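Trainee: Sequence first, predicted model second:
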Amino acid sequence: MTTHTRPAQSAKKVNGDYVFRCLTTLFALSILAILALMIYEMTGESMPAIKAFGWKFVTSREWDAVQGIFGALPYLYGSVVSSVLALLLATPLSIGAALFITEVAPGKIGAIVAPLVELLAAIPSVIYGLWGVLVMAPWLQSTVQPFLIEHFGFIPLFQGAPYGVSMLAAIFILMIMVVPIITSITREVLLAVPQSQKEAAIALGATRWETIKIAILPYGKSGILGAAILGLGRAIGETMAVTMVIGNAPNISLSLLSPAYTMPSVIANEFAETTSKLHASALMEIGLILMLVTLVVNALARLLIWSVSRSAKGGAA
């Protein structure tokens, strides 16, 4: 009796494992299928604009819904400039905050600060935008921008009138929004640095700063770069907060004090009020470009972070 029962139980267990594996595989593939379906549908909806304008769509700066002429260059320019400059400001702050949490602060303080930093990432973007348009933009208009015009007005970046809502406001609001993300991921990367590497540097007589410089940062540089690129993907796709503070003017200007526009902003502002099928198709093509750029940026960031995690596991082994 025992001989017949065990094989039956074993077969039942194998069948259960097989079913579970098939279900989880199906769930994983369904996510990829949804993504592929979205790209397929967006490409189909974008075809009228793609056929009408071709590559001129991303090189032309004219956007006239009445005449049916659409060029996305001002929106591409606004998205790239605001995101990259925000990243340049946010990355040093994030690395410094992550180093403080992991290497400088006492354990109890670090344990308190880390969740608080992560909590900032959970604040809705509309709250950041509301604060930006009611508090930050007036402050920039009355204090920061007049100072920049007076002392650095000879530089093209700071020429013009102090509008308040501007590219500079969008850069600051994006910087504030991506700092928690980059800080949180950088903290995880720094925690993955093997303890033996730190101890070796200290044993050679290195100070705390020298240990950070020669043992910690070089080891985690790929992961930190990945965190920064992930923050870039977050900044490129931000919609509501940027829409509220950037001024929404389709200009291409070297001055950071001028109003500008981004790809998410123009979609949010115009999609509900499209005047023609070609207009809707042009907005859909902007969305397709934005989606593909975001996917590539996030994939690259995840690849860099994965490479650091793999190196850490190899070092531990």
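Mentor: Here it is on my side, so go on.

Trainee: what about the residue nearest the centre of the chain, which helix or strand?
Mentor: When C-alpha atoms, centre = their mean is applied to the chain, the residue found nearest the centroid is residue 234 (1.9 Å). Assessed by DSSP states H and E, residue 234 sits inside helix 217-237.

Trainee: and if you look at residue 93?
Mentor: Residue 93 is part of helix 73-99 when elements are defined by DSSP H and E.

Trainee: relative to helix 217-237, how tilted is that helix?
Mentor: With axes from the mean of the first three to the mean of the last three C-alpha atoms, to 10 degrees as the basis, helix 73-99 and helix 217-237 are set at 140 degrees to each other.

Trainee: Between the two ends of stretch 43-62, what distance do you get?
Mentor: Criterion C-alpha to C-alpha, to the nearest Å; first-to-last residue distance in stretch 43-62 is 22 Å.

Trainee: And the top helix by length along the chain, what does it pack against?
Mentor: Counting residues, the longest helix found in the chain (DSSP state H) is helix 2-53. Counting contacts by 3 or more C-beta pairs under 8 Å, 6 or more residues apart in numbering; DSSP states H and E, the secondary-structure elements packed against helix 2-53 are helix 277-316. C-beta here means a position set from N, CA and C on the backbone, and glycine is covered the same way.

Trainee: So residue 289 is in contact with residue 262, correct?
Mentor: No: counting by C-beta atoms under 8 Å, residue 289 sits too far from residue 262 to count as a contact (11.9 Å).

Trainee: and the two? which has more neighbours close in?
Mentor: For the pair residue 289 and residue 262, the greater number of neighbours falls to residue 262 (32 against 19), based on other C-beta atoms under 10 Å.

Trainee: which ones are touching that one?
Mentor: When contacts are counted by C-beta atoms under 8 Å, 6 or more residues apart in numbering, residue 262 is found next to 75, 78-79, 82, 170, 242-243, 246.

Trainee: Around the spatially closest residue to residue 298 that is not a sequence neighbour, how many other residues sit close by?
Mentor: Of all residues not flanking residue 298 in the chain, residue 233 sits nearest, at 4.6 Å (C-beta to C-beta, 6 or more residues apart in numbering). When counting by other C-beta under 10 Å, one arrives at 22 neighbours for residue 233.

Trainee: Number the chain from 316, please
Mentor: Noted, 316 is the first residue going forward, which turns the last one into residue 548.

Trainee: Report the contact partners of residue 548.
Mentor: Residues in contact with residue 548, defined by C-beta under 8 Å, 6+ apart, are 609, 612-613, 616.

Trainee: Between these, which sits nearest residue 418?
Mentor: Proximity to residue 418 was ranked across the contacts of residue 548 by C-beta to C-beta; first place goes to residue 616, at 23.1 Å.

Trainee: Going along the chain from the helix holding residue 408, find the next helix or strand for me.
Mentor: Following helix 388-414 in sequence order, the next helix or strand is helix 422-435 (DSSP H and E).
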